[in-house]
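My questions concern the predicted model and sequence given below.
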Amino acid sequence: MAITKVWIEEGCTACGLCEEICPEVFKMEDEATVIEGVNYSDYEEAIQEAAENCPVEVIKFE
């Protein structure tokens with residue numbers, strides 16, 4: 001399954017874990033954001049790991 005969309009729902013606590021796991025896709029500012037224009041399928045494992053390890057479970061992908 002190729003990941004084509006990644007987003008962060010409300011409730012991010014800005015812990016920075018997603019950026020630590022996958023800085024190619026996630027950027028930390030006031031809260032985590034998803035970097036646009038990235039070929040998400042290149043980073044599928046890291047995106048899934050970031051979503052699984054998110055303490056508030058707000059990272060979503062399809």
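Structure's in. What do you need? Residues are numbered from 1 along each chain as shown.

Check the secondary structure at Ala14 for me.
Under DSSP: H, G, I helix; E, B strand; the rest coil, Ala14 falls in the coil class.

can you tell me which residues contact the closest residue in space to it that isn't next to it in sequence?
Beyond its immediate neighbours in the sequence, the residue positioned closest to Ala14 (C-beta to C-beta, 6 or more residues apart in numbering) is Glu31, lying 4.9 Å away. C-beta: built from backbone N, CA, C; applies to glycine. The neighbours of Glu31, taking C-beta atoms under 8 Å, 6 or more residues apart in numbering as the test, are Ile8, Cys12, Ala14.

With Met28 instead?
The neighbours of Met28, taking C-beta under 8 Å, 6+ apart as the test, are Ala14, Gly16, Cys18, Glu19.

Would you check how far apart the second one and Thr4 are?
Going from Gly16 to Thr4 by C-beta to C-beta, to the nearest Å gives 25 Å.

Below-threshold pLDDT in this protein: ranges please.
Residue ranges of the chain with pLDDT under 70: 1.

helices and strands around the helix ranked longest in it, which ones?
Ranked by residue count and defined by DSSP state H, the top helix of the chain is helix 44-53. Applying 3 or more C-beta pairs under 8 Å, 6 or more residues apart in numbering; DSSP states H and E, one finds that helix 44-53 contacts helix 17-21, strand 59-61.
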